[in-house]
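# next one to model:
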Amino acid sequence: MSLKKLHAAILCSPGVGHLVPVLLLGRRLLTHHNLHVTILAVTISTTTAQSELLTLFTTDFHLPVIQIPAADISSVVSADAKVVTRICTMMRETIPTIRTTISSMEALPDVLVGDIFSMESWVIAEEFEIPKYVFVTGNAWFTGLFTYSLVLDKEVVGQYVDHTEPFEIPGCKPVRPEEVVDPMLDRDDEDYRVYLDQAVGVTLADGMLINTWEKLEPKSLDALRNNEILRSVVKNKPMSQQRFVWVVRPPAGHVTYGSFFKPGHSGEPNGEYDFLPEGFINRTQKIGLVVPSWAPQIEILNHASVGGFLTHCGWNSTLESITSGVPMIAWALYAEQRMNATMLTEELKVALRPEVLPTKKVVAREEVERMVRGLMEGEEGKAMTENVKRLKEGAEEALSENGSSYISTCKFIEDCWSQIQR
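Residues are numbered from 1 along each chain as shown. The predicted structure follows:
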């Protein structure tokens, strides 16, 4: 094999949810596999969380990051276009700037890795004749649904949410109608067509990286690998009397940073929280801490006093909780979070969840209290703590030298070299 260092450029669409795993992947390739890595982060504007992350990874870990300003899409998409459509359009319209950025590098990268919103950028990889890989920042079960959606689109009649039986995904756990990802909620919406185009893009990549590990999702990974598919601390009401840290963002419309596309400042002016119930801060100040907008979540989860995490079940937060050995309360809201919540509660048994999705019905404070006490004090919570500790050990084993994730990354690098030498 050549002594030349492999240079991987990793392209990331806007949003902290994708930026975190991209930065972590870049750091791992740099520090554990001796690759030359450049992160290409398409940004709308720098939020507090994004700024903190970029500073951490560029300063502390010496990871090269190039920020690419996203194209203005205000004249391209309608104001009511949904998130998937807006991000994909934004990435498509930014292609000229991405191309210029890559071509102006001192040396062209040997391989281009992009998240699932970056796949229209495959044209750039083809122009430069370099291999292209997709990095799925979600889990393998979601990847199974995502790629198999092209088949479901032809087989399923009517709206997915109107069906009563789960949708079969070859080799994977079936997906219930109420668990499908947001773009599948309305087949008549433009978001759904864009989502299917993304699924096509995945099949055009030279390979796929998934943000999971072998022992966490053996069944789904096996299905994907064998082409069965492809041919806190607790956030709670004070009724539970548990100490808590609550990272709180104002509701949409209250201030701009509640919106994905209109990030604003990092906290309420003068430290006020007028969207919370009157007297909430005073009543809870002895047992709880309310933090505006952003907090160092990994540090909090790894603190010895943390007993549970009420989470929206984004895959980043899910992995951070598991690798910290912290059981969860699954408060799924949108995207693939409903699937994640099902995995956590029914398959992995490391989380509790409300009887009804929080998006469908207001969850009574008595139920929140019940879940918190069950997680922190009950026998079920103790069992979940033991389960999540085993998963944490599995993650550490996977990341260790000669672990399954380490070996998979080595195979990815070998595959890159073979693609280059063809």
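
# list the helices and strands the host helix or strand of residue 394 packs on?
Using DSSP states H and E, residue 394 sits within helix 379-399. Applying 3 or more C-beta pairs under 8 Å, 6 or more residues apart in numbering; DSSP states H and E, one finds that helix 379-399 contacts helix 315-323, strand 351-352, helix 365-376, helix 404-420. Any C-beta I mention is one placed from the backbone N, CA and C, and that applies to glycine too.

# list the strands paired with the helix or strand just after the first one, with their directions.
Spelled out, it's helix 315-323. Note on helix 315-323: by DSSP H and E, the next helix or strand toward the C-terminus is strand 328-330. Applying DSSP bridges, strand 328-330 is found paired with strand 309-311 (parallel), strand 351-352 (parallel).

# buried ones in the longest one?
Applying a neighbour-count criterion of 16 or more other C-beta atoms under 10 Å, the buried positions in strand 309-311 are 309-311.

# return the distance of that strand from the chain's centre.
15 Å (C-alpha atoms, centre = their mean, to the nearest Å).

# just the shortest one next, same as before
With C-alpha atoms, centre = their mean as the basis, the distance from the averaged C-alpha position of strand 351-352 to the chain average is 19 Å.

# and the helix holding residue 394, what's its mean pLDDT?
Here helix 379-399 scores 94 as its mean pLDDT.

# now do stretch 402-414
So the average pLDDT for stretch 402-414 ends up being 94.

# picking up where we left off before, closest to residue 73 out of the buried residues of strand 309-311?
Closest approach between the buried residues of strand 309-311 and residue 73, by C-beta to C-beta: residue 311, at 30.6 Å.

# wait, what's in contact with the closest one?
232, 317-318, 321, 328-331 (C-beta atoms under 8 Å, 6 or more residues apart in numbering).

# next, residue 41: phi, psi?
Note on residue 41: its backbone torsions stand at phi -100, psi 110 [degrees, to the nearest 10].

# okay but it is in contact with residue 54, surely?
Yes: contact criterion C-beta atoms under 8 Å: residue 41 and residue 54 qualify, at 7.3 Å.

# list residues touching both of these two?
65, 67.

# mind checking which of the contacts of residue 311 are buried?
Burial by neighbour count, 16+ other C-beta under 10 Å: within these this picks out 232, 317-318, 321, 328-331.

# per-domain residue ranges of the protein.
Domain assignment of the chain by automatic domain parsing yields the ranges 7-229+400-420, 238-397.

# on that earlier part again, could I get the helices and strands packed on helix 379-399 in TSV, plus columns for distance to residue 344?
Output for the helices and strands packed on helix 379-399, formatted as TSV (distance: least, C-beta to C-beta, whole Å):
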stretch	distance to residue 344
helix 315-323	7
strand 351-352	4
helix 365-376	12
helix 404-420	20
